[in-house]
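> sequence plus the predicted model coming up.
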Amino acid sequence: MRFLLVDPPHKIWTILRAWTPSPGCLQLLAYLEREQFDIEYMDCTLNENPWRDLEEKIRKEKPDVVGISVICTAFIYDGMNAANLIKAANPKTIIIMGGEHPSFMAEETLRDCPAIDYICVGEGEVTLTEFLRSLEKKEDLSKVLGLAYLDDRGKFIYTGDRPFIENLDALPIPAYHLAKMEHPFITLPSEGERGLVVNFSRGCLWDCTFCSESAFYKRTWRRRSPKLIADELELLKEKYKRDIFYVGDNTFNVVREQGIGFIEEMLKRKTNQHFWLQSRADLILRDEDLLDGFREAGVYQFMMGLEYHSDVVLKDIKKRHTVVQAIQAMELLKKHKLMVMATLLIGHWNETEKDRNDFFKFFGKYVDHFGLNLITPLPGTPFFQQMKALGRIKDWDYRNYDYLHAVMSAKEVDDLEQLNLIYRDIMRRYYWRPREMLKIFSPNPILRHHHRYYITKVAFNIMMHEIFGTPIWVQPNYQEYKDYLVERGEALSKELMALAK
Ligand code: B12
Ligand code: SF4
């Protein structure tokens, strides 16, 4: 049984022009490899002609089963298009899709895209293994937990929740050897080719209403032990020359032991690697005594979801920290010479212009990296249910569910385009402040690089576009699926032509 895992063609990290092999895909591959399946990986994002290459691969190699990974709601149509293309290229292929969005919206996804045969709901390693084994042995798939599909009569079947893997240490090191680690897109925005995204824990114990991660992992948290984390990091340094990491764990130090263990391991191994971790304001305060240790172990920045400057809003989204805690956490990080990155949410229902100005002043004062987002009702979250019930969702095109586009109106701003302009305006005001510009001369090399990168590549490109109409940077290998179909013209197979219409 030959299995191909596909990260479908889609845009890379749009504004920042970086990409990373999906840690989830690499973990799935390593697991299947250990189970001795015949596997292959295709991260289409890195192909010169992603749709054509995918189609050719399916036609030539005819894998028995193709898995498609869709980790962001914004990529769901890319995943569906890939499924359509694969099915048209070889109708015998069995297609299984996995990831957050299809897990939450399994029935909708299956009905919208009949080319998808199965959806893996939730964590993938064990479900996919059992699924492939059952296919091999022609066993009853309804016994495999965590699967969703439509039966012969079109009835939606869900086989039931798959329990989470108890011990993440039982998982092998992600299959980096199957990724194109040398590809020029595999970088971090300002940190360049030394950078990579890694992931060492799953879930989060909090329940912020807008958060799809907490919903996906049902408010649980599991971690890999610091020793295994350090083993993986050492491998990445030795074999792949990676020494700067964005650690994608939602909340790195849920328990103090994780931070303590990480610091001890990194100090012991002396690999001289650097990290940007994610945490919460209240945990930064709890772990104040560890902050110097984190820095000495190579951590240069903490990213916190501080979201907003008002306790009313924080309470409403169940953030479970206060504005005072946010200030204290930012001050503490600065005191311990750690950079502050804040992810922030604007576009709340009751928000006024004054609120936005206060917001700007509040965060402008403290943060080194400004992660501005528009609040988005991600399917699967309580916030999505709430907003849907209130009829506030105005845009149902999932491509826009990327935190960068408004999809809901606010009380005072009904027009989504207006909200998008407000978003861009705040970004522009933030980055063009003299104080921000001066960061390009900062003695801190990471801050200096980030700002040089952002200002010379991103902001400059946007400014030239706005003043002179020069084109905004376009990812050289990105192609809309429909353009691919049209480009194929006469040569298009009958099935593809039908799809193109
Ligand atoms: C790595 C990562 C990225 C990488 C992308 C890597 C890639 N190749 O896709 C980068 C840094 C580029 C990125 C960018 C973005 N990301 Co991102 N990212 C992550 C991150 C940190 C880790 C994902 C991960 O690997 N998790 C660990 C693994 C174990 O979980 P998993 O991926 O869900 O995979 C498991 C299951 O889902 C399942 N599974 C997954 N695929 C498949 C396939 C099959 C066949 C099967 C059977 C099972 C299966 O099995 C896996 C193993 O158990 C998550 C946050 C997080 N901690 O998860 C956010 C996250 C996925 N990103 C998110 C977002 C919003 C974005 C951006 C849109 C942000 C932005 N505004 O720019 C951009 C979009 C990219 C773009 N094109 O512009 C959101 C998605 C929310 C949503 N529901 O839509 C997340 C959840 C963060 C968050 N909480 O907001 N991201
Ligand atoms: S603290 Fe962060 S990861 Fe945890 S539920 Fe809230 S937003 Fe999600």
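Done, it's in. Ligands and ions are numbered 1, 2, ... in the order given.
> three-state assignment of Pro379?
coil (DSSP: H, G, I helix; E, B strand; the rest coil).
> for it, the count of nearby residues, please.
22 (other CB atoms under 10 Å). For glycine as for every other residue, the C-beta is placed from the backbone atoms N, C-alpha and C.
> and it, its phi and psi?
With angles defined as degrees, to the nearest 10, Pro379 sits at phi -50, psi 140.
> which residues sit in contact with it?
Contact analysis of Pro379 by CB atoms under 8 Å, 6 or more residues apart in numbering lists Thr73, His101, Phe104, Met105, Ser212, Tyr398, Tyr401.
> going by neighbour count, which of those comes out on top?
His101 leads those on contacts (other CB under 10 Å) with 27 neighbours.
> what separates that residue from Ala74, distance-wise?
9 Å (CB to CB, to the nearest Å).
> same question, Pro21
18 Å.
> equivalent analysis for Glu166, please.
Glu166 is 31 Å from Ala74, by CB to CB.
> of these two, which one has the most company?
Ala74 (23 against 8).
> the more buried one belongs to a helix?
Yes: counting by three-state DSSP, Ala74 is part of a helix.
> just give the nearest non-adjacent residue to it, would you?
Spatial nearest neighbour of Ala74, chain neighbours left out: Asp402 (4.0 Å); criterion: CB to CB, 6 or more residues apart in numbering.
> what of Leu26?
Of all residues not flanking Leu26 in the chain, Pro174 sits nearest, at 3.5 Å (CB to CB, 6+ apart).
> can you give me the neighbour number for Gln36?
Residues near Gln36, counting by other CB under 10 Å: 7.
> how about Val486?
11.
> for the closest residue to Arg320 other than its chain neighbours, phi and psi?
Leaving aside its sequence neighbours, Arg320 sits nearest to Trp206 (CB to CB, 6+ apart; 5.9 Å). Dihedral angles of Trp206 (phi, psi; degrees, to the nearest 10) stand at phi -90, psi -180.
> tell me, how many neighbours does Trp206 end up with?
Neighbourhood size, Trp206 [other CB under 10 Å]: 21.
> ok, now the one 3 residues further on?
Using other CB under 10 Å, Thr209 is surrounded by 19 other residues.
> and what of Lys335?
11.
> gap between it and ligand 1?
Distance from Lys335 to ligand 1, counting by CB to the nearest ligand atom, to the nearest Å: 28 Å.
> how about the backbone phi and psi for that residue?
Backbone torsions for Lys335, taken as degrees, to the nearest 10, come to phi -60, psi -40.
> what does the one 4 residues further on give?
Reported as degrees, to the nearest 10, the phi and psi values for Met339 are phi -80, psi 150.
> same question for Phe156.
phi -80, psi 130.
> helix or strand: which one has the residue lying closest to it once chain neighbours are set aside?
Distances taken as CB to CB, 6+ apart place Glu107 nearest to Phe156, at 4.6 Å, with adjacent residues excluded. Assigning secondary structure by DSSP states H and E places Glu107 in helix 106-112.
> show me what the helix or strand that that helix is followed by is in contact with.
Remark: after helix 106-112, the chain's next helix or strand is strand 118-120, criterion DSSP H and E. Residues outside strand 118-120 that contact it (CB under 8 Å, 6+ apart): 67, 94-98, 102-103, 106, 109-110, 127-128, 131, 141, 146-149.
> any idea how far the nearest residue to Ile12 once chain neighbours are set aside lies from ligand 2?
Nearest residue to Ile12, sequence neighbours excluded (CB to CB, 6+ apart): Trp19, at 4.1 Å. Look at Trp19 and ligand 2: by CB to the nearest ligand atom, they are 22 Å apart.
> start the count at 19 instead of 1 going forward.
With 19 as the first residue, the last one maps to Trp37.
> is Trp37 bridged to anything, and to what?
Ile204 (DSSP bridges).
> so what's it up against?
Counting by CB under 8 Å, 6+ apart, Trp37 touches Ile30, Trp31, Thr63, Leu64, His201, Phe203, Ile204, Thr205.
> one step back: ok, and of the contacts of strand 136-138, which contact ligand 1?
Contacts with ligand 1 within the contacts of strand 136-138, as defined by CB under 6 Å from any ligand atom: Gly85, Ile114, Met115, Gly116, Leu146.
> follow-up on the earlier one: what's near enough to touch the residue nearest to Arg338?
Ser232, Arg237, Thr269, Arg298, Lys336, Arg338.
> shaky segments in this structure?
32-34, 207-210, 508-519 (pLDDT under 70).
> could you chop it up by domain?
For the chain, automatic domain parsing gives the domain ranges 20-176, 205-486.
> picking up where we left off before, and the contacts of Trp224 as a markdown table, adding neighbour count, secondary structure and distance to Phe486?
Listed next are these as a markdown table, based on neighbours: other CB atoms under 10 Å; DSSP: H, G, I helix; E, B strand; the rest coil; distance: CB to CB, whole Å:
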| residue | neighbour count | secondary structure | distance to Phe486 |
| --- | --- | --- | --- |
| Ser232 | 24 | helix | 44 |
| Arg237 | 14 | coil | 50 |
| Thr269 | 23 | coil | 44 |
| Arg298 | 27 | coil | 43 |
| Lys336 | 15 | coil | 45 |
| Arg338 | 14 | coil | 47 |
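> could you pick out which of those are near ligand 2?
Within the contacts of Trp224, those near ligand 2 by CB under 6 Å from any ligand atom are Ser232, Thr269, Arg298.
> so what's the first one up against?
With contacts defined as CB under 8 Å, 6+ apart, Ser232 is in contact with Gly221, Cys222, Trp224, Asp225, Cys226, Asn268.
> which of those residues are buried, as a ChimeraX select command?
Those of the contacts of Ser232 that count as buried under 16 or more other CB atoms under 10 Å are selected in ChimeraX with:
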select :221,222,224,226,268
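> and the contacts of Ser232 near ligand 1, which?
Restricting those to those near ligand 1 by CB under 6 Å from any ligand atom leaves Asn268.
> picking that back up, can you list the buried residues in the helix holding Glu125?
In helix 124-130, counting by 16+ other CB under 10 Å, buried: Ala124, Thr127, Leu128.
> one more: stretch 318-334?
By neighbour count with 16+ other CB under 10 Å, stretch 318-334 contains the buried residues 318-328, 331-332, 334.
> tell me if that stretch is near ligand 1.
No: using CB under 6 Å from any ligand atom, we find that stretch 318-334 stays clear of ligand 1, coming within 8.7 Å at best.
> and that stretch, end to end?
Stretch 318-334 has an end-to-end distance of 31 Å (criterion: CA to CA, to the nearest Å).
> quick one: that stretch to chain centroid distance?
On the basis of CA atoms, centre = their mean, to the nearest Å, stretch 318-334 is displaced by 19 Å from the centre of the chain it belongs to.
> again, but for stretch 41-61
19 Å.
> what's in contact with that stretch?
19-25, 39-40, 71-72, 75, 79, 81, 85, 87, 89, 116-117, 142-143, 146-147, 150, 189-194, 196-198, 215-217, 266.
> buried ones from those, can you make that a ChimeraX selection?
The buried residues among those can be selected in ChimeraX (16+ other CB under 10 Å) with this line:
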select :21,22,23,24,25,39,40,71,72,75,81,85,87,89,116,117,142,143,146,147,150,189,192,193,194,196,197,215,216,217,266
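> among the contacts of stretch 41-61, name the ones in strands.
Arg20, Phe21, Leu22, Leu23, Val24, Asp25, Gly85, Ser87, Gly116, Val215, Val216 (DSSP state E).
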